[in-house]
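Q: Next come a sequence and a model predicted from it.
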Number of protein chains: 2
Amino acid sequence: MTIKDARTPASVQDEPSQKAGKSIGWHKAYVGGSRPDLRVPVRQVHLTNGQSVTLYDTSGPYTDPHVETDVRRGLAPVRDNWIIARGDTEEYAGRPVRPEDDGIKHTAPRGGLRNLDAVFPGRPRQPRRSRDGQAVTQLAYARRGEITPEMEFVAIRENVSPEVVREEIAAGRAVLPANVNHPEIEPMIIGKRFLVKVNANIGNSAVTSSIEEEVEKMTWATRWGADTVMDLSTGRNIHTTREWVLRNSPVPIGTVPLYQALEKVDGKAEELTWEIYKDTVIEQAEQGVDYMTVHAGVRLPYVPLTANRKTGIVSRGGSIMAAWCLAHHKESFLYENFEELCEILAAYDVTYSLGDGLRPGSIADANDEAQFAELRTLGELNRIARRFHVQTMIEGPGHVPMHKIKENIDLQQEICDEAPFYTLGPLTTDIAPAYDHITSGIGAAMIAWWGTAMLCYVTPKEHLGLPNRDDVKTGVITYKIAAHAADLAKGHPGAQEWDDALSDARFEFRWEDQFNLALDPDTARDFHDETLPAEPAKTAHFCSMCGPKFCSMKISRSITEKYGNGGVEPEYDGLALEGMKAKSEEFAAQGNRVYLPLAD
Amino acid sequence: MTIKDARTPASVQDEPSQKAGKSIGWHKAYVGGSRPDLRVPVRQVHLTNGQSVTLYDTSGPYTDPHVETDVRRGLAPVRDNWIIARGDTEEYAGRPVRPEDDGIKHTAPRGGLRNLDAVFPGRPRQPRRSRDGQAVTQLAYARRGEITPEMEFVAIRENVSPEVVREEIAAGRAVLPANVNHPEIEPMIIGKRFLVKVNANIGNSAVTSSIEEEVEKMTWATRWGADTVMDLSTGRNIHTTREWVLRNSPVPIGTVPLYQALEKVDGKAEELTWEIYKDTVIEQAEQGVDYMTVHAGVRLPYVPLTANRKTGIVSRGGSIMAAWCLAHHKESFLYENFEELCEILAAYDVTYSLGDGLRPGSIADANDEAQFAELRTLGELNRIARRFHVQTMIEGPGHVPMHKIKENIDLQQEICDEAPFYTLGPLTTDIAPAYDHITSGIGAAMIAWWGTAMLCYVTPKEHLGLPNRDDVKTGVITYKIAAHAADLAKGHPGAQEWDDALSDARFEFRWEDQFNLALDPDTARDFHDETLPAEPAKTAHFCSMCGPKFCSMKISRSITEKYGNGGVEPEYDGLALEGMKAKSEEFAAQGNRVYLPLAD
């Protein structure tokens, strides 16, 4: 990997950590592509031994001190040139923004109150869509053999050839969510041949939280490694919150349009119509939502399959659609109008995330007929979406005990023609509310190892309340662990270099390097300082766990120094013992010192 | 399960949580055995729907308001009657306690300063050992077909027949660690056919912490579910700290005698001798240590195998023995004197935990030749221990990526004749210091599913510092999750009842029951209260996550009420649709209300 624009670490301000007086051991750098406006961000960690480690970076321009960011203006539309150059999209007036879009009723005349400028104070913009109603999707481009700048970007990011990226997208085994109305994103890819990705959910609800908080949660989540963010807002100001999130997000944004549609009919599921839903999808597609969860697999005949479950239907979207089907005794309007929906999504390159509305919400309900009946329908819908060149991923459970996890990914891959799987957890037990980031992190690591492409995070507040800033961070870090553990287990090229660099630093007592290479440098440093705060302890050849006399690493290093790299061959058939005798004498000659001196 | 001595929940004080004004939904109860002094403690959770759930309980008499506990007096020696009745042990004067035992030098005349009474102010006691040097181990009893009170105790605790317990112990597939000098314990069993167990490490070090803190950590760890506790103290007052911990511990205590032996030679590994080590083992066996980690598998010829590792030898015991072997150019004195060691352990029924001194300390070193060479030796030592009727378990790694975990348990089971595996983690990645309870909880759940009998917890401070009270709790809870997830995956009888009870409570909006059934009721309640603190919210049919309009559980319950249990058959071939039409009309007739009223 060639690093361009490398800057000195001293010039970087690590805003979120704000540790005055502490050295920041990494800075933002960029890897250049085939054109000057294609610059792939990386996190460059500088080690005290003069080496450096390059890590994938999701934090966007916020961690680049050379870029001035302002949430009221939004991020620069880096993809605009690429989108315009393709010549297959056009700007248009767009759907007027109505008070109802923000959940505000009866306070203004019908037919449009504000334009997008009013909703967001940043640069003026009109929505864009395909010129002739045809597919302008990365899937369509990939199928006709075209390597887009977006594909080149992710190829550099993933350290693979652009052709691999194109092939995986063309085959439907990967998606590159990138709405033509979200030019601010740094493209990323979701597919089993690539690094496992993590989604973080944010969103206000009728009960709590504000626009500012949601934007802050988004930047905070990406700071710690979220690859995509879903805005699941359900209360007031849905439209405006989403606009602010989109204009400031360097990562793809996902939504569940059904939530907003339900707000528009005052929460009465039976009053939902295809027209209201379609209008909401267009509204969100014009704003730039990159992928949408669509619960089109919750079909009328499947609803009774959930009746004798322990926890019924636990997906919000699934329960809304089930209620609608029951109220009208009709097949789901999402299922019936799926082809028209494909046409809309194709015009903006919105990616489907086919929702698992009937996912199990408890260990008892895992892998039941309701769940797998819906999965078979998702397989059918995936094939339809492909006809329309709409990129598609499939959502997965939920609550699943460990021994039933593999069946989920295997069936999904088989039924859905290897479309990327995007799973929530799964949670491997129900008994630990307040620790469901852990119950689910276990399942997430396993299912990702077996082929899941993206993991939807779970925070400690799952089942209990709305996540705050700390919960978002804990959820993201936990899921980055699960994702990286899976990358290692899958043998993803280069994944182990990170572990090796950290373990080298550990063995060589380079404490600052350990901290800077950690997923969460701040907490690692704080924990160390809690017991041994003195600066000298950061270079000491021991730590508070064992004290100076008991440090295995210290003893072990003396062994390595005696026998390692060119010393005695790693054999133990007796031959090596001869060599060891000599070594033993050396050992005695220097005073049998098994511990290195404390000072460096 | 028959519950005896059930008391009203109101009478129970939940000491550790100390939540004034909050209802405690569980109390300590006992299940009686075949004799009046055999009473197995359980945690009885009382639900608001009148049902109750019985859970395994490790917290000892501390959570029984009818028992007055005093750390200066110690717990009642409940096993004394059983041990004495067997007639195969006798009290004796015992080894005199010396200042060196506590790391105090040159301050008192040699040959014994204090007796055990002085070390611990509680009841006077003399050590006990087998009458004729023969085995007084649970393994010896099991082999001759005897079901001891200890075996009956664990049979009731595990809800299996005493004969299953006896068989598993006799076959060496399970151990029941119970030193004849630790009569205070509530017996427990470690084996793959039983519930997966969790060990918590405590221990002061030369750098920090005190006796009181260690006793407090032990009661705190068992309060949250630790099944055994290892005292890994390395600083001063090792002997006295251990005495206090043992006299107050309701769970088996493990140690690594090598740590104390090294203190006795001032930290100079090369000055260790078999005599000093043996003396230390006897000292600890007389105190009542139930299992001891012995690194007898670190043989001289294996040391060079670690020389080119990324992180060498990371086990403290392993590195000490490696240093000794190198210094003397001799085979390990533990390996050479293993049979004599077996005789000593057999006389007290101390269980071996054969240490994996060469376990990998990084992803790069997992499953290497050093590790597996030692494992083969542990298999050989296990067979020797069995000849002496010494109960034995085998320790396992360490740092292992997910795809290499199964090989570890499979090889261990094969090489060690199915002796119980006792693993540290394993950690599935090296990149997350401060979160190694999670990196390792993932590996722990998996390896336990595949057959590991006991998991050694890892706290968030791993690699960084000594765990404090919060870290101990987080470590134990994380590992209880891993253990229970494995119990579920193994299909352990009754394991899922706990999940089912909690999921039922969740679906029925019984918030208090959800909290009381949670692994950590305090934190679950606090998290809920953070967003919706009002008491009515605890019975509300929604929560802050989705708000009242979006509650899938609420919608779903209305479906269950209409179609569940005797309603429409779960078919979807068209026949069921007819029935649904009628149901749909009913649904409309009552106003299409998909949400239940907010109040109960």
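A: Received, thanks.
Q: From now on I want contacts and neighbour counts done on CA atoms only, so please keep to that.
A: Fine.
Q: Any idea how many residues pack against the closest residue to A:N248 other than its chain neighbours?
A: Ranked by Cα to Cα, 6 or more residues apart in numbering or on different chains and with sequence neighbours excluded, the top spatial neighbour of A:N248 is A:G74, at 4.7 Å. Neighbour count for A:G74, taken as other Cα atoms under 10 Å in any protein chain shown: 21.
Q: residues in contact with A:W244?
A: Counting by Cα atoms under 8 Å, 6 or more residues apart in numbering or on different chains, A:W244 touches A:71-72, A:74, A:120, A:211, A:215.
Q: And the residues you listed, which is closest to chain B?
A: Comparing these against chain B with Cα to the nearest Cα places A:I211 closest, at 16.3 Å.
Q: who touches that closest one in this structure?
A: With Cα under 8 Å, 6+ apart, A:I211 has these contacts: A:204, A:237, A:240-241, A:244.
Q: for A:L488, same thing?
A: A:495-496, B:401-402, B:429.
Q: Which ones among these lie within helices?
A: A:495-496 (DSSP state H).
Q: Most neighbours among the contacts of A:L488, which one?
A: B:T429 (32 neighbours).
Q: Tell me which helix or strand the closest residue to it other than its chain neighbours sits in.
A: Spatially, and ignoring its direct neighbours in sequence, B:T429 is nearest to A:A485 (5.6 Å; Cα to Cα, 6+ apart). Per DSSP states H and E, A:A485 falls inside helix A:469-489.
Q: in that helix, what counts as buried?
A: A:469, A:471-489 (16 or more other Cα atoms under 10 Å in any protein chain shown).
Q: need the contacts of A:I211 in JSON lines with secondary structure and pLDDT, can you?
A: Below are the contacts of A:I211 laid out as JSON lines (DSSP: H, G, I helix; E, B strand; the rest coil; pLDDT from 0 to 100):
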{"residue": "A:N204", "secondary structure": "coil", "pLDDT": "71"}
{"residue": "A:N237", "secondary structure": "coil", "pLDDT": "85"}
{"residue": "A:T240", "secondary structure": "helix", "pLDDT": "91"}
{"residue": "A:T241", "secondary structure": "helix", "pLDDT": "91"}
{"residue": "A:W244", "secondary structure": "helix", "pLDDT": "93"}
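Q: Just give me the closest of those to B:R223.
A: A:N204 (37.1 Å; Cα to Cα).
Q: where does the stretch 101-250 of chain A have low pLDDT?
A: Along the stretch 101-250 of chain A, the model assigns pLDDT under 70 to residues A:105-118, A:205-209.
Q: 90 instead, please
A: Along the stretch 101-250 of chain A, the parts satisfying pLDDT under 90 run over A:102-125, A:132-134, A:203-215, A:233-237.
Q: Which parts of it are helices?
A: A:116-119, A:138-143, A:149-158, A:162-170, A:211-223, A:238-248 (DSSP state H, counting those that start in this stretch).
Q: right, and the helix or strand after the last one?
A: In this case it means helix A:238-248. Note on helix A:238-248: by DSSP H and E, the next helix or strand toward the C-terminus is strand A:253-255.
Q: Give me the distance from that following strand to the chain's centre.
A: Relative to its chain's centre, strand A:253-255 lies at 11 Å (Cα atoms, centre = their mean, to the nearest Å).
Q: wait, isn't the residue nearest to B:T429 in contact with B:T428?
A: Yes. At 5.7 Å, A:A485 counts as touching B:T428 under the criterion of Cα atoms under 8 Å.
Q: near chain B at all, stretch A:214-226?
A: No. Judged by Cα under 8 Å from any Cα of the partner chain, stretch A:214-226 and chain B are separated, with a smallest distance of 12.3 Å.
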